[in-house]
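>>> Quick check, what structure comes out for this input:
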Amino acid sequence: MARAGTGIDGDSLASAKYRNLLAAIPDLIIYLSPAGVAEHFHASAVNALPMPPERFVGKPIEEFLPVEAAEEARLAMEVAREGGGVQVLTHDMLGPDGSTRHIEARIAWTTLGEFVVIVRDVTERQRQEDLLRRSERLASIGSLLSKVAHELSNPLSAIQNFTELLLMEPRSPDDQEAMEIIRRESYRAAKLVSELRMMTPQS
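All right, here's what the predicted structure looks like:
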């Protein structure tokens, strides 16, 4: 008879050490027959399962996994059984609350002639990794902008200085107006560069 809350027969729990070990594992563990039928499982809490036990216990993986996920699992099972070691799959599934969850499954073939599948919800880990990658990209862009701003500062200063010198000499009205435009625009560009440097991290 299955133990309440685990779906594992009491006789299969060989020792108290094994029971304690299972109780400490937060992941969902599914035991599959060689044919890919979910025979029993362990979960720290039944209400944490991605689906009710009756939807997968006693059924082949094709009946409770999306088609693509089931096909990938079948291939991974064959590789694992042929000595390929633990196979890791990832797939997006709908959680009990209807939200998309990132699921990681590790499939191994055991000496007992069955598959052990450890299923872990890696949604939060994936979110943190995405945030880290985004932060690294933003830091890289900020560093690049800082370097560009630094490189623009010197030529802009030179333009401003030479324009000021040229304006000190008598010139025709058209040339004078052209110099004024150059000076005004160079100062405007310098102000933008200064603001850009203030917005980026300084090394």
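>>> going forward, measure contacts between C-alpha atoms and count neighbours the same way
OK.
>>> Could you pick out the longest helix of this protein?
Counting residues, the longest helix found in the chain (DSSP state H) is helix 123-167.
>>> For Asp121, the count of nearby residues, please.
Counted with other C-alpha atoms under 10 Å, residues neighbouring Asp121 total 20.
>>> does the residue nearest to it when sequence neighbours are not counted sit in a helix, a strand or a coil?
Excluding its sequence neighbours, the residue lying closest to Asp121 (C-alpha to C-alpha, 6 or more residues apart in numbering) is Ile103, at 4.7 Å. Secondary structure state of Ile103, per DSSP: H, G, I helix; E, B strand; the rest coil, is strand.
>>> who's in contact with Ile103?
Applying C-alpha atoms under 8 Å, 6 or more residues apart in numbering to Ile103 gives the contacts 90-93, 119-123.
>>> Okay, now the unreliable bits of the protein?
Filtered on pLDDT under 70, the chain yields the residue ranges 1-26, 44-51, 95-96, 200-203.
>>> now the residue nearest to Glu114 when sequence neighbours are not counted: how far from His42?
Take Glu114 and drop its neighbours on the chain: the residue closest to it by C-alpha to C-alpha, 6+ apart is Ser33, 5.0 Å away. Ser33 sits 15 Å away from His42, going by C-alpha to C-alpha, to the nearest Å.
>>> More neighbours: these two, which one.
His42 (22 against 17).
>>> isn't that one right up against Pro53?
No - between His42 and Pro53 there is no contact under C-alpha atoms under 8 Å: 10.2 Å.
>>> Can you get me a residue count around Glu151?
By other C-alpha under 10 Å, neighbour count at Glu151 equals 12.
>>> From Met199, how far off is it?
Counting by C-alpha to C-alpha, the gap from Glu151 to Met199 is 16 Å.
>>> try Ile118
Taking C-alpha to C-alpha, one finds Ile118 at 46 Å from Met199.
>>> Looking only at neighbour counts, state which of the two leads.
Ile118 (19 against 12).
>>> List the contacts of Thr110.
Counting by C-alpha under 8 Å, 6+ apart, Thr110 has contacts Val116.
>>> what do you get if the cut-off is 10 Å, keeping everything else the same?
Residues in contact with Thr110 (C-alpha atoms under 10 Å, 6 or more residues apart in numbering) are 80-81, 85, 116.
>>> just Ser99 next, same as before
92-93.
>>> still on that earlier bit, for beta bridges, what are the partners of the residue nearest to Asp121?
His91, Asp121 (DSSP bridges).
>>> What residues of stretch 55-62 count as buried?
56-57, 60-62 (16 or more other C-alpha atoms under 10 Å).
>>> Kind regards, and thank you for your time.
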